[in-house]
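Participant: Build me a model:
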Amino acid sequence: MTHTARGDVARTHLLLMLALTFSTGVIDAVGYLGLDRVFTGNMTGNVVILGMGLTGVDGLPVLGPVLALAGFMAGAAVGGRTLRSFDAGWSDKTTALFGVVAATLAACSIVALVVHDPPQLVALAVTTALGLAMGMQAAVARHIAVKDITTVVVTSTITGLAADSAAGGEGLSFWKRRMGAIGLIGAGACVGALLVQWHLAAGMVLAMAITLTVTIVGHRTRSTAA
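Facilitator: As a prediction, this is how the structure comes out:
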């Protein structure tokens, strides 16, 4: 592969991971506002909610965060184990795993569409499945290894942005992608919050469509590069 081709692939992967970062913002808004204050992508926030919930303060949930965390870890474990023997980057396994993520989001969307005002057991099942999807997405994104873009959290991105800034004594390296990730996850949360007011499934459908598009474009880019 030529240097130019490698650069094109790298830029495409960056854009695709930024798209998934937006999608995570949407799903976290769905989880927090539509599934009893549970984050299914941002496990830092989820663990904090769980810790506070264990004290019984403000009626915060416990079971939902536990199941989301368990689902996330299971999804990440499957993703990591599947890709362990492959070099960093996009492969057929990457495409397959992102396909599973899209299918899981589609299944959750269907459940939300069919079951109006889902009872607690159904809501918890959807929470667990969304956690699994986000964990798998995070593991695959980690394998693709786009610098500063995890697709599920931006705390380290914000840290890097500030630490490498002029105030932190360094130049603004990678500031555009870092600002992009921070802005997109916030924008996704905004869009997700608006969609939840319309229907619980709407944000899931949007996230599924984004993930499916990322999967197709990423696979084609990988095939073209090969």
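Participant: which ones are touching the most centrally placed residue in the chain?
Facilitator: Geometric centre of the chain, nearest residue: residue 24, 3.8 Å, by CA atoms, centre = their mean. Counting by CB atoms under 8 Å, 6 or more residues apart in numbering, residue 24 makes contact with 41, 42, 134, 137, 151, 152, 185, 188, 207. Any C-beta I mention is one placed from the backbone N, CA and C, and that applies to glycine too.
Participant: got JSON lines for those residues, with secondary structure too?
Facilitator: Listed next are the contacts of residue 24 as JSON lines, based on DSSP: H, G, I helix; E, B strand; the rest coil:
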{"residue": "41", "secondary structure": "coil"}
{"residue": "42", "secondary structure": "coil"}
{"residue": "134", "secondary structure": "helix"}
{"residue": "137", "secondary structure": "helix"}
{"residue": "151", "secondary structure": "coil"}
{"residue": "152", "secondary structure": "coil"}
{"residue": "185", "secondary structure": "helix"}
{"residue": "188", "secondary structure": "helix"}
{"residue": "207", "secondary structure": "helix"}
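Participant: Looking at the residues you listed, spot the one nearest residue 95.
Facilitator: residue 137 (13.0 Å; CB to CB).
Participant: For the helix or strand bottoming out on mean pLDDT in the chain, list every residue counted as buried.
Facilitator: Of all the helices and strands that make up the chain, helix 155-163 has the lowest average by mean pLDDT, DSSP states H and E, namely a mean of 76. Using 16 or more other CB atoms under 10 Å as the test for burial, helix 155-163 gives 157, 160, 161.
Participant: And the contacts of residue 24, which two are furthest apart?
Facilitator: Maximum pairwise distance in these, criterion CB to CB, is 14.1 Å, between 42 and 207.
Participant: What mean pLDDT does stretch 42-55 get?
Facilitator: Mean pLDDT, stretch 42-55: 93.
Participant: Pull out the buried residues from it.
Facilitator: Quick answer for stretch 42-55 (16+ other CB under 10 Å): 42, 43, 45, 46, 49, 50, 53.
Participant: from those, which is closest to residue 74?
Facilitator: Once CB to CB is applied, the member of those that ends up nearest residue 74 is residue 43, at 12.6 Å.
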